[in-house]
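Undergrad: just need the structure, nothing else, for what follows:
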Amino acid sequence: MRAAARIRVERRHGRDEVVDRTAEPPFAVRRCGDRIMLAATAASPVGGDELELDVVIGSEATASIGSIGAMLVWPAPTPAVSSMTTTVAVGAGGRLVLAPEPTITVRGSNHRATTRVDLAEEATCELVEEYSLGRSGEAPGTIETSLRVERGGRALFHHDELLGALAEAGSTSVGVGTARHVTTALIVGEVAGDAATSVEAGGMAARLPVDDDAVVLLGVGIDRPTVRRLIDALRSTVAPPVRYG
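TA: Now for the predicted structure:
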């Protein structure tokens, strides 16, 4: 199955207006108060599915996008790989908060998640990607992630990772050890502050400045609450915690 969704927000007459929210099943797009929410209308992606999300935030516009529930990645009878490709463009003076619920790799699944973000010079954003490696008590599937953010045509951040079953099997990926939850948060538009780390039983996180006004927060741990707590503690010295979901 191939399916796509598109969200476009423009600043018109002093208001942020959703001028396009086209969606094909299994996607649905809803306006919920001051947020735009993605919902799933069917179990997807299954191995072989190709899903695409295109987000455009116009100049001076602001949008907060989340999801109603986690995305479960399901295996197929064949070894086919499923994919989710997210493409984002934010115009000058625009701001985007993109923080969906986690992607969960069901045992036996094989998934590729690719996010490409193009920021204008004066655009800002908060991007959160979360991956849960298997359901509770379940071995993980495999997920290959790629997040690249450019500002004004120049690379600001690029990170690729292989997580889950293939990484555990001895791939060239560094991997995350026994961690079951992985979070990457990129904040652009706030004073980055200094590099820092935080470690507690069951998890660890790091704050990595990538520019004067851009910082990456990376966290791994035994579960989502542990990782979120570590990420929020490091983030609190930069800006208020992001609104997940």
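Undergrad: can we go C-alpha only for contacts and neighbour counts from here?
TA: Fine.
Undergrad: assumed A233 was part of a helix.
TA: Yes - under DSSP: H, G, I helix; E, B strand; the rest coil, A233 sits within a helix.
Undergrad: and it, how far from R154?
TA: 30 Å (CA to CA, to the nearest Å).
Undergrad: ok, the two, which is more surrounded?
TA: A233 (15 against 11; other CA atoms under 10 Å).
Undergrad: list the beta-bridge partners for E150.
TA: Taking DSSP bridges as the rule, E150 bridges to D118, A155.
Undergrad: verify the stated contact: it with F157.
TA: Yes - using CA atoms under 8 Å, E150 is in contact with F157, at 7.0 Å.
Undergrad: look up how far T62 lies from the nearest residue to E121 once chain neighbours are set aside.
TA: In this structure, E121 finds its nearest non-sequential neighbour in G152, 4.9 Å apart by CA to CA, 6 or more residues apart in numbering. To T62, G152 is 18 Å away according to CA to CA.
Undergrad: more crowded one of those two?
TA: Shown here are G152 and T62; by other CA under 10 Å, T62 has more neighbours (23 against 13).
Undergrad: isn't that one up against G14?
TA: No - shown here, T62 and G14 do not form a contact pair, counting by CA under 8 Å, at 11.2 Å.
Undergrad: so T226 sits in a helix?
TA: Yes - the assignment for T226 is a helix, going by three-state DSSP.
Undergrad: what about the nearest residue to it once chain neighbours are set aside, neighbour count?
TA: Among residues not flanking T226 along the chain, G203 sits closest, at 6.4 Å (CA to CA, 6+ apart). Look at G203: counted by other CA under 10 Å, it has 23 neighbours.
Undergrad: try A196
TA: 12.
Undergrad: now it: closest residue in space, sequence neighbours ignored.
TA: R207 (5.1 Å).
Undergrad: partner residues bridging that neighbour?
TA: Where R207 sits in a bridge, its partners, by DSSP bridges, are A196, L217.
Undergrad: so it sits against L186, correct?
TA: No - with contact taken as CA under 8 Å, R207 and L186 are classed as non-touching, separated by 9.8 Å.
Undergrad: what's the weakest-modelled helix or strand in the protein?
TA: helix 165-168 (a mean of 66; mean pLDDT, DSSP states H and E).
Undergrad: next structured bit after that helix?
TA: strand 181-188 (DSSP states H and E).
Undergrad: I'd like to know which elements that next one is packed against.
TA: Contacts defined by 3 or more CA pairs under 8 Å, 6 or more residues apart in numbering; DSSP states H and E place strand 181-188 against strand 124-132, strand 214-221, helix 224-235.
Undergrad: closest one to A196 among these?
TA: Closest to A196 of the helices and strands packed on strand 181-188, according to CA to CA: helix 224-235, at 7.4 Å.
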